[in-house]
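Enquirer: model the structure of this input:
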Amino acid sequence: MSHILIVEDEEKIAKLLSEYLTQAGYQTTVMLDGNHVVSAVKNQHFDLILLDLMLPGKDGLTICREIQEFSKIAIIMVTARVDEIDRLLGLELGADDYICKPFSPREVVARVKTILRRITPTTNDNNESNEIAVLELNIENYQASVHQQQVALTAIEFNLLKILASTPGRIYSRAQLIDMVYQDNRIVSERTIDSHIKKLRKKLNEIETENELVQSVYSVGYKLVLT
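Expert: Here you go, the predicted model:
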């Protein structure tokens, strides 16, 4: 059973998240301030942390930085300030995902499931494939399959999908995608990324008709959602 640490100073929200995660089959521990979070992570085993940004005592950004110095535990940052998202993405603290308040507890549970599934992915060593739920990527041959149906992608589209699939649920800004896809430092506009993403989404949606795998986050960027 995976153990989730909930660090949230609003007791009602913390209790609600704990109830939903418990119903989903997870063990939970709740902390209402940031003072002792780092020591708790050092002394106990947790599989994932839901970490509020604004906390009494030590704030979420400081906690995230300190934890990253000694642990690779999955962290989902939670914030009530939408304008903090760009800052969080720019800092690249190593957090795995970002959630804005107000949020649906069911969405949080889905995000947690996605991150934990990424931590223990199913891999195929024979063909050097990276398989995550409905999506399979063959890195060596630049081939992508959805529900075992091959999708014809350009090299740029494949690289974009590979980046998004490396951390499902994480939001990648357009600037980050440009830097990661075009490593020769050429000048590329954000509209170019939007155009490639649009074509990628169309190809994926032709097979996965019920759920949109690549989703846009208004004014922030894109993420891959696997359910």
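Enquirer: name the helix or strand of the protein that has the lowest mean pLDDT.
Expert: strand 122-124 (a mean of 38; mean pLDDT, DSSP states H and E).
Enquirer: host element of the spatially most central residue of the chain?
Expert: The centre of the chain sits closest to Arg170, judged by CA atoms, centre = their mean, with a distance of 2.7 Å. Counting by DSSP states H and E, no helix or strand carries Arg170.
Enquirer: contacts only, for the closest residue to it other than its chain neighbours.
Expert: Nearest residue to Arg170 in three dimensions, chain neighbours excluded: Asp97, at 5.2 Å (CB to CB, 6 or more residues apart in numbering). (Each C-beta comes from the backbone N, C-alpha and C, glycine too.) By CB atoms under 8 Å, 6 or more residues apart in numbering, the residues touching Asp97 are 76-77, 111, 114-115, 167, 169-171.
Enquirer: how does it look with 6 Å?
Expert: Contacts for Asp97 (CB atoms under 6 Å, 6 or more residues apart in numbering) come out as 76, 111, 169-170.
Enquirer: and for Ile13?
Expert: Counting by CB under 6 Å, 6+ apart, Ile13 has no contacts.
Enquirer: hang on, it is in a strand, isn't it?
Expert: No: secondary structure assignment (DSSP: H, G, I helix; E, B strand; the rest coil) places Ile13 in helix, not in a strand.
Enquirer: and it, how far from Ala24?
Expert: 17 Å (CB to CB, to the nearest Å).
Enquirer: distance of the nearest residue to Glu8 once chain neighbours are set aside relative to Asn35?
Expert: Using CB to CB, 6+ apart and skipping residues adjacent in sequence, the residue nearest Glu8 is Ala14, 4.0 Å away. Note on Ala14: its distance to Asn35, by CB to CB, is 15 Å.
Enquirer: also Ser166?
Expert: Relative to Asn35, Ser166 is positioned 33 Å away (CB to CB).
Enquirer: ok, the contacts of Asp97 vs Asp9, which is closest?
Expert: Using CB to CB, Ile76 comes nearest to Asp9 of the contacts of Asp97, at 16.0 Å.
Enquirer: over to the closest one: give its phi and psi.
Expert: phi -110, psi 120 (degrees, to the nearest 10).
Enquirer: so what's it bridging to?
Expert: With DSSP bridges as the criterion, Ile76 is bridged to Leu50, Asp97.
Enquirer: look up the pLDDT of it for me, please.
Expert: Looking at Ile76, its pLDDT is 88.
Enquirer: and it, how many residues sit next to it?
Expert: 21 (other CB atoms under 10 Å).
Enquirer: Provide the strand pairings for the strand or helix carrying Tyr222, with the direction of each partner.
Expert: Using DSSP H and E, Tyr222 sits within strand 221-224. Strand 221-224 has the following strand partners under DSSP bridges: strand 172-173 (antiparallel), strand 214-217 (antiparallel).
Enquirer: state the mean pLDDT of it.
Expert: Averaging pLDDT along strand 221-224 yields 90.
Enquirer: how far does it sit from its chain's centre?
Expert: 9 Å (CA atoms, centre = their mean, to the nearest Å).
Enquirer: what do you get for stretch 157-167?
Expert: Relative to the chain's own centre, stretch 157-167 is displaced by 12 Å; criterion: CA atoms, centre = their mean.
Enquirer: then stretch 208-226?
Expert: 12 Å.
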